[in-house]
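K.L.:
Predicted model follows, preceded by the sequence.
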Amino acid sequence: MADAMLLNLVLFLPVVGILLLLFVPAKSEGTIRWTTFWVMVVQLVLTTVLYVHYDAAVPGLQFETRLPWIPAWGVYYQIGLDGYNILLVLLTAFLGPLVVAGAFSAITKDVKLFYAMVFLIQFAMLGTFVAQDLFVFYLFWETMLIPMFLIIGIWGGERRIYATIKFFLYTAFGSILMLAAVIYLVYSLQTTTGVTSFAFADLNRMQLPLSVQLVLLSAFGLSFAIKVPIVPFHTWLPDAHVEAPTAGSVILAGVLLKMGTYGFMKLGFPLFPDATRYLAPLIMALAVISIIYGACLALVQNDIKKIIAYSSISHLGYVMLGLISLDLIGIQGAIIQMVSHGLTAAGLFLMVGMIYERCHTRELSAYGGLAKLLPVYSVFFMILTLASIGLPTTSGFTGEFLVLLGAFRSAWPLHVAGDTLPLVFAASAVLGVVLGALYMLRFAQTFLFGAAKAPHAPVVDLNLREKLILAAIVAAVFAIGLYPDEPLRKTELAAKEFQQRVTGVPIPGSAR
Amino acid sequence: MSWLAVLTALAPENVLLAGIVVLIVMEIVTSKARSSLAVSLLAVAASAAAAALLYSGGYAATPFPGHYSIDPAGSLGKAIVLALALPVLLMSREDFAKDGQFHILVLSSLYGFCLLLSSDSFLTLFLGLEIMALPVYVLVLLAFKRPESPEAALKYLILGGTATAMFLMGVSLLYGGSGTLSISVFAAGLRSADTMATAGVTLILLAFFLKGAIVPFHAWAPDAYEGASIPVTAYMATIIKAGVLLAALRLFGTEVVSRPTDDLLAFLPLVSIVWGNLAAMRQTSFRRMIAYSSIAHAGYLYYAFLGDGATRLQAVLFYLVAYGLMNLLAFASLPPGNDDVSRDRLDNLKGLFQRKPFSALMIGMAMLSLAGIPPFPGFVAKFLIFKNVMAAGYTVYAVLGLVGSYLGIYFYLRVIQYMFMSADEPAVASRVSGRAALGAGILCLVPVLLVTVFPGWVLARL
């Protein structure tokens, strides 16, 4: 029980943070910044304790809390950690202090509201991950929109209002259809089994006919696909990323985009396994299109934020590919890829923010030869670039390699059986790796090498705060790249469970 | 029943009546009735408390058999709606500081509302509807802050009269068929295949649609809402709407709506949801926008009648509480302006967060809740209604209604955008807003937080 309290504490710490901020006068910005930072650090420490104590050998929920919330509807406040969310919870808590520290110098307007919103989005994101009740999940899922809407809209760039309203309307449209599906799903559960419940565990036991599953998966899937985003539902993302302040971009790329893939993994695919298998070729095709299309668009951008935004679409395509491969290695690769992308994209966006604070432009062509001007910055940038490409020893390699391996492993038997399409998809996905190297290296080449130029020169190199932020991210990138065994072990049971649910047959085999 | 029992049974009504009498006497005796606000607040609070006591005691009685009866559900409705009237009265301090008439009219209207919830016959119901509505026609005119006010009042009066005529026509058809004025005839009419009964039921339903501002009978609402002053608009948007819906609830009872009435009951509200939300996007006046928003919300509320009879009361009451609180919160937090017209402009809200962060946060919360965005009460309320609609088998209407509600998100967001993301408008003379309005806001905020954090606890008590 004491363990369960710890998870509750981690979840509600941001709310405590907001209440603390209420008592700090809006004028004393330093106090606000440091209060937020230390609350986030405490949250990270507690989450690490949870992670260490999480027993990889035990299937199902750990640190579980279940309290009646709306008893008449069978809604329970139910939260817990499992193999699906443990890494993502850790990632969210890890990025929290970095986001806060990264915004110290960038945010000077309405500081109090800003950090309150960072707390709120942290609360909503953690809540979405740990929720084990569909109603609670939906509440957190939607609550996430409000702080992001304000973060982009208040502290964003010139076209921030267009971008933020587009972001909200896109994601809310998906959510409305998901809400309809949620109501229908729970109502079906009630009529077929007589149980009124929103608990994932109960919903997972339900057997629905394929036609119903298809409709419901489409509704859930659209909502998740917009969030991921999968091409062609991605057009909100570049606008949101470009206009968002650095902290907004980091949260968006680091955690928020994983909501979509997490939703598919935790809810979409396991709840509707028949429909998932039926639609697998389509989902696989969309994933591969996302990988290649995102990479191609990243190749031609001149706005450095847009390059990373489109690269996110490409990288999350791998996650989708890994999940839909329904191969254990692929699924585990997808989970690692989620975390890896969270780290590298967050790091790259932070670095873009740092250079933007110095030079006030995001045009790639305005820069050149930063390696000479900003040596420390350039080293960090190169490491993150290589991690993003997926160089061995970095987290990006672990993720992408496992995903591709999984995709081929599941495609080959089908090819032998006469269905070559999955193999074509898997092979096309490899093209994404090449394109990924191409656009990131083009970016790094223009940015770091060649004739030295930068607007508003002379520019000063990274200060200690910035170095520490980036060092933390780079350390995490290498940790996953060099010791992937530890996170893989924690998620293995969940990956197996996911595979078993969706394929319907228990398949023996190990990822390692 | 002894006269004492009658007095007890009608305690909420009697307290209001006493308040009205005191206010009239004060109006005659003293020239400046500054304490009329205190008297009316006291009367409404006491009346709400009396209704709450009757409810918690499970009191049921029939003081006037066949015409008037008290039951716990009715007492609960009275208690809730009377409590919602308190912030309205507080808000009026700015606009009607020295106006005893305002309070007399509001109390009379509330008296009519109480009659509605206890009526057993069409006669009492009709009396209640008219007593509730007539003072409001005057209230719209009473503000007289702008030249459009008389036009708005007249439009409201004429269309209200049309609704009354339709209602009476429907009642006479039902009476002709059954020979009784008991409202149970309406529920029976819902079941029967008799043409005359169906015609009567349809006419009465349309009258209620008109009173509740359902498309295509909605044209009066934007003008009336805009032409009135802020407290009066708040009163119309919350109390009158609640009165109309609860009266309809009394007629429908727990009767399951079947064909062909359900088509009418599903289709027109759906059109209202869509049209109200679409039209609200184009508005530049806050009250006009809220009027269109209320047209959409009337659609959700009438949707609740599609659902199973047993859960209907809970759904409607919860929605009315969430919706009423949010509207009142927004109206109470509106910043002051130079005059009524400029105060009402949406532009007046630009940069509000810089000037008055608390007001901006309150209005922002109200807008998100009205849009049905979690975690605010509006979401749970909407969820409850759509859950019932879907459980009743109207899946297509539920999905279309949800998509319709999506259309509304934009204009609620625009208000937030104005308050938080636009530069401060320097032209506005920033008068200090009254403490009464702040009190009204806090009076709404506390229950809002309660409903947000413990919706289950609240639902279990409805």
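P.N.:
Thanks, I have it.
K.L.:
what sits against residue B:275?
P.N.:
B:215, B:218, B:295, B:296 (CB atoms under 8 Å, 6 or more residues apart in numbering or on different chains). To be clear about C-beta, it is placed using only N, CA and C from the backbone, and glycine gets the same treatment.
K.L.:
Enumerate every residue touching residue B:187.
P.N.:
B:251, B:252, B:253, B:255.
K.L.:
Tell me the confidence at it?
P.N.:
In this prediction, residue B:187 carries a pLDDT score of 87.
K.L.:
now swap in residue B:429 and tell me
P.N.:
Note for residue B:429: predicted pLDDT of 55.
K.L.:
Quick check: buried residues in the top helix by length along chain B?
P.N.:
In chain B, assigned by DSSP state H, the helix with the most residues is helix B:148-178. By 16 or more other CB atoms under 10 Å in any protein chain shown, the buried positions in helix B:148-178 come out as B:149, B:152-157, B:159-160, B:163-164, B:166-171, B:173-175, B:177-178.
K.L.:
hmm, back to that, from the contacts of residue B:275, pick the one nearest residue B:412.
P.N.:
Taking CB to CB as the measure, residue B:412 lies nearest residue B:296 of the contacts of residue B:275, at 10.6 Å.
K.L.:
Is the closest one in a helix, a strand, or coil?
P.N.:
Per DSSP: H, G, I helix; E, B strand; the rest coil, the local secondary structure of residue B:296 is helix.
K.L.:
Give me the neighbour count for the residue lying closest to residue A:243 once chain neighbours are set aside.
P.N.:
Nearest non-adjacent residue to residue A:243, counting by CB to CB, 6 or more residues apart in numbering or on different chains: residue A:163, 3.7 Å away. Close neighbours of residue A:163, defined as other CB atoms under 10 Å in any protein chain shown, add up to 24.
K.L.:
can I assume residue A:163 is in contact with residue A:239?
P.N.:
Yes. Taking CB atoms under 8 Å as the definition, residue A:163 is a contact partner of residue A:239 at 4.2 Å.
K.L.:
helices and strands around the helix or strand hosting residue B:197, which ones?
P.N.:
Element membership of residue B:197, judged by DSSP states H and E, is helix B:195-211. If you count contacts as 3 or more CB pairs under 8 Å, 6 or more residues apart in numbering or on different chains; DSSP states H and E, helix B:195-211 packs onto helix B:148-178, helix B:184-191, helix B:241-252, helix B:261-280.
K.L.:
contacting residues around residue 123?
P.N.:
Picked chain A for this. So residue A:123 contacts A:11, A:12, A:14, A:15, A:143 (CB under 8 Å, 6+ apart).
K.L.:
hm, I was asking about chain B
P.N.:
B:67, B:181.
K.L.:
mind checking how far it is from residue A:268?
P.N.:
To residue A:268, residue B:123 is 57 Å away according to CB to CB, to the nearest Å.
K.L.:
Tell me the backbone dihedrals of residue B:285, please.
P.N.:
Note on residue B:285: backbone dihedrals following degrees, to the nearest 10 are phi -100, psi 140.
K.L.:
so it makes contact with residue B:348?
P.N.:
No. Contact between residue B:285 and residue B:348 fails when scored by CB under 8 Å: they sit 9.9 Å apart.
K.L.:
Between the two, point out the one with more neighbours.
P.N.:
Comparing residue B:285 with residue B:348 by other CB under 10 Å, the one with more neighbours is residue B:348, at 22 against 17.
K.L.:
Which residue would be the closest one in chain A to chain B?
P.N.:
Per CB to the nearest CB, residue A:70 is where chain A lies closest to chain B, at 3.5 Å.
K.L.:
of all of the stretch 201-350 of chain B, which residue lies closest to chain A?
P.N.:
Closest point on the stretch 201-350 of chain B to chain A, by CB to the nearest CB, is residue B:314, at 8.5 Å.
K.L.:
any weak-confidence spans in chain A?
P.N.:
A:1-2, A:505-512 (pLDDT under 70).
K.L.:
Which positions within the longest strand seen in it qualify as buried?
P.N.:
For chain A, the strand that runs over the most residues, judged by DSSP state E, is strand A:62-70. By neighbour count with 16+ other CB under 10 Å, strand A:62-70 contains the buried residues A:62, A:63, A:64, A:65, A:69, A:70.
K.L.:
Save the helices and strands packed on helix B:195-211 as TSV, and put in distance to residue A:445 too.
P.N.:
Shown next, in TSV, are those (distance: least, CB to CB, whole Å):
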stretch	distance to residue A:445
helix B:148-178	66
helix B:184-191	75
helix B:241-252	64
helix B:261-280	50
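K.L.:
Quick check: chain neighbours aside, which residue is closest to residue A:322?
P.N.:
Once flanking residues are discounted, residue A:322 sits nearest to residue A:334: 3.0 Å by CB to CB, 6+ apart.
K.L.:
What strand or helix carries residue 225?
P.N.:
This is for chain A. Residue A:225 belongs to helix A:210-227 when elements are defined using DSSP H and E.
K.L.:
look at chain B instead
P.N.:
Per DSSP H and E: helix B:220-227 holds residue B:225.
K.L.:
give me every residue that touches residue B:330.
P.N.:
Taking CB under 8 Å, 6+ apart, we find residue B:330 in contact with B:290, B:362, B:363, B:366, B:367, B:370.
K.L.:
Flag every residue of the stretch 151-300 of chain A that's near chain B.
P.N.:
A:153-154, A:160-161, A:164-165, A:168-169, A:172-173, A:176-177, A:179-180, A:183-184, A:186-187, A:190 (CB under 8 Å from any CB of the partner chain).
K.L.:
quick one: terminal-to-terminal distance for stretch B:61-75?
P.N.:
By CA to CA, to the nearest Å, the extent of stretch B:61-75 from end to end equals 11 Å.
K.L.:
Please check the contacts of residue B:187 and keep the buried ones.
P.N.:
Among these, the ones that count as buried by 16+ other CB under 10 Å are B:251, B:252, B:255.
K.L.:
out of those, which one sits closest to residue B:354?
P.N.:
residue B:252 (47.9 Å).
K.L.:
on contacts alone, who are the packing partners of the helix ranked longest in chain A?
P.N.:
Longest helix of chain A, by residue count under DSSP H: helix A:160-193. Counting contacts by 3+ CB pairs under 8 Å, 6+ apart, helix A:160-193 packs against helix A:134-143, helix A:145-155, helix A:200-204, helix A:210-227, helix A:236-243, helix B:377-391, helix B:395-407, helix B:409-416.
K.L.:
Distance to residue A:395 added to those helices, as CSV?
P.N.:
CSV is the format used below for the helices and strands packed on helix A:160-193 (distance: least, CB to CB, whole Å):
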stretch, distance to residue A:395
helix A:134-143, 26
helix A:145-155, 25
helix A:200-204, 28
helix A:210-227, 22
helix A:236-243, 21
helix B:377-391, 38
helix B:395-407, 38
helix B:409-416, 37
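K.L.:
would a markdown table of those with distance to residue A:323 and mean neighbour count be doable?
P.N.:
Shown next, in a markdown table, are the helices and strands packed on helix A:160-193 (distance: least, CB to CB, whole Å; neighbours: other CB atoms under 10 Å in any protein chain shown):
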| stretch | distance to residue A:323 | mean neighbour count |
| --- | --- | --- |
| helix A:134-143 | 18 | 24 |
| helix A:145-155 | 24 | 25 |
| helix A:200-204 | 17 | 17 |
| helix A:210-227 | 11 | 22 |
| helix A:236-243 | 19 | 24 |
| helix B:377-391 | 29 | 25 |
| helix B:395-407 | 27 | 21 |
| helix B:409-416 | 30 | 23 |
